[in-house]
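*Asks:* give me the fold of what follows.
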Amino acid sequence: MFEEASEVFENMLKASFPLTFIVLLPAVLFLVSPLPAEAAHEFTVYRMQQYDLQGQAYGTRSSVLNTEARTVEADVLSRRCVIMRLLDFSYEKYQKALRQSAGAVVIILPQNMSTMPQDIVQQFMEIEPELLATETIVPVYFALEEEELLSIYEQTLTSSSSQGLASAAEVLLHTATANGFQMVTSGAQSKAVSDWAITSLEGRLAGVGGEDLPTIVLVAHYDSFGVAPWLSYGADSNGSGVSVLLELARLFSRLYTYKRTHAAYNLLFFVSGGGKFNYQGTKRWLEDNLDHTDSSLLQDNVAFVLCLDTLGSSDNLHLHVSKPPKEGSPQHTLLKELETVSSSQYPEVKFSMVHKKINLADDTLAWEHERFGIRRLPAFTLSHLESHRSAARSSIMDVRSVPGKGTQVDVQTLSRNTKIIAEALARVIYNLTGKGAPEDLQIFTEQMQVQEEQLSSVLDWLTSQPRAAQLVDKESPVVGTLEYYLSRYLKDVKRHYVKADKRDPEFVFYDQLKQVMNAYRVKPAIFDLLLALCIAVYLGVMYLAIQNFGLLYSVVRKVTQPKAKQH
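*Replies:* A predicted model of the protein is given here:
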């Protein structure tokens with residue numbers, strides 16, 4: 001019976017290719033059926049800055065990503081998404097990825113920046129300007145550490161590390177058996193945002209005693225800046241400056257409430273937008289007040305403009321000037337009063353003046369007071385930083401952190417600096433030195449003292465959200481809350497808007513700054529090649545077995561048939 005079945009089966013398969021195909025098809029489908037695609041993880045990523053300033057392109061120019069993940073240790077990075085951790089990041093590794101035509105770069109950051117070692121924080125802060133200095137074609141993203149994302153990184157690192165293997169066969173086997181991840185973003189290609197409005201706010205306290213009163217202008221820009229807009233919280237630069245300005249508005253509004261202390265100075269407060277983009281808000285405000293109106297406090301008798309920037313740490317205070325003030329001028333009086341208050345009331349503070357001429361050949365201005373200096377208004381910037389080139393002014397590491405990490409805003413230091421500025425301004429406004437008042441006289445004490453808790457709460461609110469200029473539109477709660485706060489203490493609070501010229505824009509912002517990225521588990525291409533080879537071998541063996549089924553059956557029968565007993 002078996003012999004007849006084998007003959008029928010052999011003739012059927014030899015005579016009919018379709019029947020052979022039908023018999024083999026289930027086995028082939030079983031071998032080649034792919035595993036279902038598995039979305040290993042979904043996480044939020046934040047794209048590097050993309051903007052144009054005065055015709056020059058900065059940051060990454062792409063946002064679409066759909067490529068396989070590798071770490072920088074891999075031999076081949078071409079058209080791969082290179083994943084790096086901040087702990088292992090360096091500018092040389094970043095450049096290596098770009099030189100090898102990587103398809104994208106994803107940098108993993110810790111959830112809490114303040115937990116990072118100070119040397120790594122400082123190193124990255126110094127690298128940030130270099131990352132933005134030139135145009136980058138491939139998309140560059142930042143992601144915050146999560147357990148699943150770190151697992152993806154570790155598995156990718158394992159699959160990328162084949163340099164230490166002994167032979168080519170081991171490398172091939174390692175590559176074929178390792179798990180890979182396909183990184184895919186959900187958004188579209190970035191495009192320019194049209195009609196974006198940068199918002200600034202002003203308010204005033206009017207002096208008493210005449211019409212042509214001198215005006216003191218207090219300025220601070222509220223926007224933040226870093227390599228990724230959605231990660232830019234700007235605690236010291238310039239959350240500290242805005243906090244000081246709002247506290248000064250509260251203090252002097254109380255003094256101007258009473259007839260005895262209502263001074264013969266106008267106080268003009270300006271919270272500017274677009275400070276990190278060459279002070280666009282201040283530039284437009286000056287144009288509106290000096291070129292497009294006949295009546296403005298800036299046109300009459302400006303004693304000086306004091307810009308507040310990065311005042312949240314250090315025992316240093318530097319008054320940056322474009323032109324040293326002349327003796328006897330209101331500017332010189334402020335300089336001397338700041339020196340007096342610092343030395344007599346806070347001897348630990350090292351106060352100095354830093355002179356730097358305005359360089360119009362530079363792409364961007366160094367400090368905000370230079371915008372006023374160009375329009376021939378006497379202005380300074382007060383900061384604890386000695387140089388405008390400090391990396392702390394434009395970094396995502398500028399966060400509200402714990403003491404001892406170096407990048408935090410210390411509320412006690414901020415309160416002390418606010419007190420110094422307030423006391424010096426009061427001595428100028430009320431001419432206390434000319435009236436023979438002692439150097440250690442303190443005006444802001446008891447019920448008039450600087451409220452440290454309020455400074456802290458304002459700073460907490462400012463640093464609870466990214467304030468990059470591309471994210472703060474005229475409907476933003478940041479603008480609305482600042483406007484409400486100023487309205488509590490000042491009169492004639494109003495908004496000022498600046499939009500880029502459509503024909504020759506000074507600044508251009510782009511969208512797609514925050515996206516969702518999916519990591520899909522995949523096998524490398526070499527796995528498909530080896531699988532195809534195995535299938536081909538299997539089919540070849542099956543074909544030979546079918547073509548010679550009778551011979552194969554007889555051999556198996558002889559081997560398995562029991563031997564006859566011999567008598």
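
*Asks:* just the strands from the stretch 401-550 of the chain, written as ranges.
*Replies:* Remark: strands of the stretch 401-550 of the chain, listed N- to C-terminal, are 491-499, 507-509, 514-522; assignment by DSSP state E, counting those that start in this stretch.

*Asks:* report the buried residues of the last one.
*Replies:* Meaning strand 514-522. If you call a residue buried by 16 or more other CB atoms under 10 Å, then strand 514-522 has these buried ones: Lys514, Gln515, Met517, Asn518, Ala519, Tyr520, Arg521, Val522. For the C-beta atoms, the positions are set from N, CA and C on the backbone; glycine is no exception.

*Asks:* low pLDDT regions in the stretch 351-500 of the chain?
*Replies:* Within the stretch 351-500 of the chain, the stretches falling below the threshold (pLDDT under 70) are 401-407.

*Asks:* let's see that with 50 instead.
*Replies:* Within the stretch 351-500 of the chain, the segments meeting pLDDT under 50 span 402-407.

*Asks:* repeat for the stretch 151-300 of the chain
*Replies:* 163-164.

*Asks:* swap the cut-off to 90 and go again
*Replies:* 155-180, 186-187, 194-195, 209-212, 291-300 (pLDDT under 90).

*Asks:* can you pull out the strands in it?
*Replies:* 180-185, 197-205, 215-221, 266-272.

*Asks:* mind putting those strands into TSV with distance to Asp473 and mean neighbour count?
*Replies:* Supplementary listing: these in TSV, determined by distance: least, CB to CB, whole Å; neighbours: other CB atoms under 10 Å:
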stretch	distance to Asp473	mean neighbour count
strand 180-185	24	20
strand 197-205	6	22
strand 215-221	16	25
strand 266-272	16	25
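
*Asks:* those: which one's closest to His318?
*Replies:* Proximity to His318, assessed across those by CB to CB, is greatest for strand 215-221 (16.0 Å).

*Asks:* just checking, what packs against that closest one?
*Replies:* In this structure, strand 215-221 makes packing contacts with helix 241-255, strand 266-272, helix 280-290, strand 302-308, helix 411-429, judged by 3 or more CB pairs under 8 Å, 6 or more residues apart in numbering; DSSP states H and E.

*Asks:* in the third one, which residues are buried?
*Replies:* When you say that, I think you mean helix 280-290. Gln280, Gly281, Thr282, Lys283, Arg284, Trp285, Leu286, Asp288, Asn289.

*Asks:* ok, the last one touching Leu298?
*Replies:* Yes: with contacts counted by CB atoms under 8 Å, Asn289 reaches Leu298, the gap being 4.4 Å.

*Asks:* quick one: buried residues of the helix or strand where Leu98 lies?
*Replies:* For Leu98, the host element (DSSP states H and E) is helix 91-99. Residues Tyr94, Ala97 are the ones in helix 91-99 that count as buried (16+ other CB under 10 Å).

*Asks:* just the CA coordinates of it, formatted as PDB?
*Replies:* Included here for helix 91-99 are C-alpha records, laid out as PDB according to Å, rounded to 0.1, in the frame of the first residue of the first chain:
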ATOM      1  CA  TYR A  91      30.500  68.500  20.000                       C
ATOM      2  CA  GLU A  92      33.000  66.100  18.300                       C
ATOM      3  CA  LYS A  93      30.600  63.200  18.300                       C
ATOM      4  CA  TYR A  94      27.800  65.500  17.000                       C
ATOM      5  CA  GLN A  95      30.100  66.600  14.100                       C
ATOM      6  CA  LYS A  96      31.000  63.000  13.400                       C
ATOM      7  CA  ALA A  97      27.300  62.200  12.900                       C
ATOM      8  CA  LEU A  98      26.900  65.100  10.600                       C
ATOM      9  CA  ARG A  99      30.000  64.300   8.600                       C
END
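
*Asks:* against which helices or strands is whichever helix or strand comes after that helix packed?
*Replies:* Scanning forward in sequence from helix 91-99, with DSSP H and E defining helices and strands, the next element found is strand 104-109. For strand 104-109, the helices and strands in contact under the criterion 3+ CB pairs under 8 Å, 6+ apart are strand 81-85, helix 91-99, strand 140-144, helix 147-160.

*Asks:* give me the angle between the longest one and strand 81-85.
*Replies:* Our comparison of helix 147-160 with strand 81-85, counting by axes from the mean of the first three to the mean of the last three CA atoms, to 10 degrees, yields an angle of 120 degrees.

*Asks:* pLDDT value on Leu131, please?
*Replies:* The model reports Leu131 with a pLDDT of 92.

*Asks:* contacting residues around it?
*Replies:* With contacts taken as CB atoms under 8 Å, 6 or more residues apart in numbering, Leu131 has the following neighbours: Met48, Tyr91, Tyr94, Val140, Val227.

*Asks:* check the second one and give its pLDDT.
*Replies:* The predicted local distance difference test score for Tyr91 is 93.

*Asks:* neighbours of the nearest residue to Gln331 once chain neighbours are set aside, how many?
*Replies:* On the basis of CB to CB, 6 or more residues apart in numbering, the spatially nearest residue to Gln331 that is not a chain neighbour turns out to be Pro325, at 3.5 Å. Here the neighbour count serves as a burial measure; for Pro325 (other CB atoms under 10 Å) it reads 19.

*Asks:* any idea how far Pro325 lies from Asn359?
*Replies:* Separation of Pro325 from Asn359 (CB to CB, to the nearest Å) stands at 20 Å.

*Asks:* so which of the helices and strands packed on strand 104-109 is the most surrounded?
*Replies:* Per residue and on average, the most neighbours among the helices and strands packed on strand 104-109 fall to strand 81-85, with a mean of 24 (mean count of other CB atoms under 10 Å).

*Asks:* list the contacts of it.
*Replies:* 65, 67-72, 93-94, 97, 102-108, 152-153, 156, 183.

*Asks:* which ones are touching Met48?
*Replies:* Residues in contact with Met48, defined by CB under 8 Å, 6+ apart, are Gly59, Thr60, Leu131, Leu132, Thr136, Pro139, Val140, Tyr141, Phe142, Val227, Ala228.

*Asks:* again, but for Pro214
*Replies:* The neighbours of Pro214, taking CB under 8 Å, 6+ apart as the test, are Gly207, Ala264, Tyr265, Asn266, Asn301, Val302, Ala303, Pro330.

*Asks:* distance to Ser314 for the residues you listed - can I get that in CSV?
*Replies:* Compiled in CSV, the contacts of Pro214 are given as follows (distance: CB to CB, whole Å):
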residue, distance to Ser314
Gly207, 33
Ala264, 35
Tyr265, 30
Asn266, 32
Asn301, 34
Val302, 29
Ala303, 28
Pro330, 27
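
*Asks:* just the buried members of the residues you listed?
*Replies:* Among the contacts of Pro214, those that count as buried by neighbour count (16+ other CB under 10 Å) are Gly207, Tyr265, Asn266, Val302, Ala303, Pro330.

*Asks:* just the closest of these to Arg488, please.
*Replies:* When the buried ones among the contacts of Pro214 are compared for distance to Arg488 (CB to CB), Asn266 wins out at 19.0 Å.

*Asks:* who does the closest one bridge with?
*Replies:* Applying DSSP bridges to Asn266 yields these beta-bridge partners: Thr215.

*Asks:* quick one: closest of the strands of the stretch 151-300 of the chain to Pro477.
*Replies:* Shortest separation from Pro477 across the strands of the stretch 151-300 of the chain is recorded for strand 197-205, at 12.0 Å, computed as CB to CB.

*Asks:* name every strand pairing with the closest one and say which way it goes.
*Replies:* Here strand 197-205 has these sheet partners by DSSP bridges: strand 266-272 (antiparallel), strand 491-499 (antiparallel).

*Asks:* identify whichever of these lies nearest to Arg467.
*Replies:* That would be, of the strands paired with strand 197-205 and by CB to CB, strand 266-272, which comes in at 11.5 Å.

*Asks:* list the contacts of the spatially most central residue of the chain.
*Replies:* What sits nearest the mean C-alpha location of the chain, by CA atoms, centre = their mean, is Ala228, with 2.3 Å. Applying CB under 8 Å, 6+ apart, we find Ala228 in contact with Tyr46, Arg47, Met48, Gln49, Phe142, Ile396, Leu513.
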